[in-house]
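Chemist: when you get a sec, could you give me coordinates for this:
(one chain, ligands or ions: 3)
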Amino acid sequence: MFLMQILTDTILNQTIRVRPAESHKGTYGRVCLVGGNDHYGGAIIMATEASVYSGAGLNTALTDPINFTSLHARLPEAMVADFSNQADLTSLVTAANTIVIGPGLGTTDQSRQVLDAVFKLVTPAQTLIIDGSAIDLVAQNQLTLPVAHLVFTPHQMEWQRLSGIKIADQTDDANRVIRDQLNGTVVLKAHRTKIYTASEIYLNSVGTPAQATGGMGDTLAGMVGGFTAQFADQDQAVLAAVYAHSRIADELAEQQYVVLPTQIMHELPRFMKRHQALE
Ligand SMILES: NC(=O)C1=CN([C@@H]2O[C@H](COP(=O)(O)OP(=O)(O)OC[C@H]3O[C@@H](n4cnc5c(N)ncnc54)[C@H](OP(=O)(O)O)[C@@H]3O)[C@@H](O)[C@H]2O)[C@@H](O)CC1
Ligand SMILES: Nc1ncnc2c1ncn2[C@@H]1O[C@H](COP(=O)(O)OP(=O)(O)O)[C@@H](O)[C@H]1O
Ligand SMILES: [Mg+2]
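Modeler: Residues are numbered from 1 along each chain as shown. Ligands and ions are numbered 1, 2, ... in the order given. Prediction:
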């Protein structure tokens, strides 16, 4: 039996540290974000931008070259590389602390080749966030997962595809069985997102239907990337990212009918300053 833990503001000041003066960009982690085909460029732009605004020190998008100009135009802080260039893919994935794969990746043969190449390179010390299309590709092809700190971020339909559990039957007990088989943290996204770690279940009791708009999950994936790259405790980093994403949305929704993903990420630097570790 697992007791459900309810996330509160405490997770933020437990996780978000005050930046040490003696530090540089390398101190705050390297994130490689993989996705964005010729159809879904916005998804990888949002994920990458969310990682940058979370404070990760170095961020690179591995994407279709068609997205280079648009990504740079709004986000000069990030680097870009072609996800079909094997040499670039190898060096960037190898250098990363955290890899985020899936936002807008698509499920074509090319998407599958990129996913296979990344899975081959990932090592046990790295954190791998598997989102969106990457979840669908794993489910469709029953892919073998690499050994790493795995974090899955499915919405309920993606979880149905990956776990085989119908949305109506997605109970904690059923979800835990599959979580254990996957051997990774599962962030099951819904109106009230639940996070299944190796030992606990957490309920995200904040969040608003004002968040129900395309790109909201791509943004969360980028935030989880940025938080896990910077903050040592990987479970806490995931929990803090999920909670902050919804908590910022709730604040904006006091005045707004809909909250855009980009508005949430742009609040992050101020929000994180307000909620950093208590001194
Ligand atoms: N700007 C961009 O580039 C964007 C790119 N994107 C990229 O698109 C790719 C595909 O991702 P996707 O999520 O759009 O499609 P898919 O996996 O088919 O899921 C939709 C199906 O699931 C069902 N459903 C049931 N419960 C649900 C729930 N709780 N939450 C959500 N859905 C739920 C839902 O039911 P219905 O709406 O019919 O009621 C529908 O049948 C992926 O790579 C992503 O990154 C998007 O992020 C958008 C912005
Ligand atoms: N009604 C809602 N209440 C609270 N949060 C919501 C609601 N609808 C969507 N969200 C949040 O928005 C995000 C949607 O993720 P996802 O479906 O992957 O979006 P996308 O793939 O379009 O970026 C999740 O974090 C989910 O919890
Ligand atoms: Mg999604």
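Chemist: ranges for the helices of this structure?
Modeler: Ranges of helices within the chain are 10-15, 41-54, 68-74, 86-95, 109-121, 132-141, 156-163, 172-182, 216-230, 234-253, 261-274, based on DSSP state H.
Chemist: so for ligand 2, which of these sits nearest?
Modeler: The closest of the helices of the chain to ligand 2 is helix 216-230. By CB to the nearest ligand atom, the value is 2.1 Å. The C-beta positions use only the backbone N, C-alpha and C, and glycine is treated the same way.
Chemist: CA atoms of stretch 92-102 as PDB?
Modeler: Output of stretch 92-102 as PDB, limited to C-alpha atoms (Å, rounded to 0.1, in the frame of the first residue of the first chain):
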ATOM      1  CA  LEU A  92      25.500  16.100 -28.100                       C
ATOM      2  CA  VAL A  93      23.700  13.100 -26.500                       C
ATOM      3  CA  THR A  94      27.000  11.900 -25.000                       C
ATOM      4  CA  ALA A  95      27.700  15.300 -23.500                       C
ATOM      5  CA  ALA A  96      24.300  15.900 -21.900                       C
ATOM      6  CA  ASN A  97      23.300  15.300 -18.300                       C
ATOM      7  CA  THR A  98      19.700  15.200 -19.300                       C
ATOM      8  CA  ILE A  99      18.100  14.200 -22.600                       C
ATOM      9  CA  VAL A 100      14.500  15.100 -23.400                       C
ATOM     10  CA  ILE A 101      13.100  13.100 -26.400                       C
ATOM     11  CA  GLY A 102       9.700  13.200 -28.000                       C
END
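Chemist: what parts of the stretch 101-250 of the chain come near ligand 3?
Modeler: 132, 217 (CB under 5 Å from the ion).
Chemist: many thanks, we can stop here.
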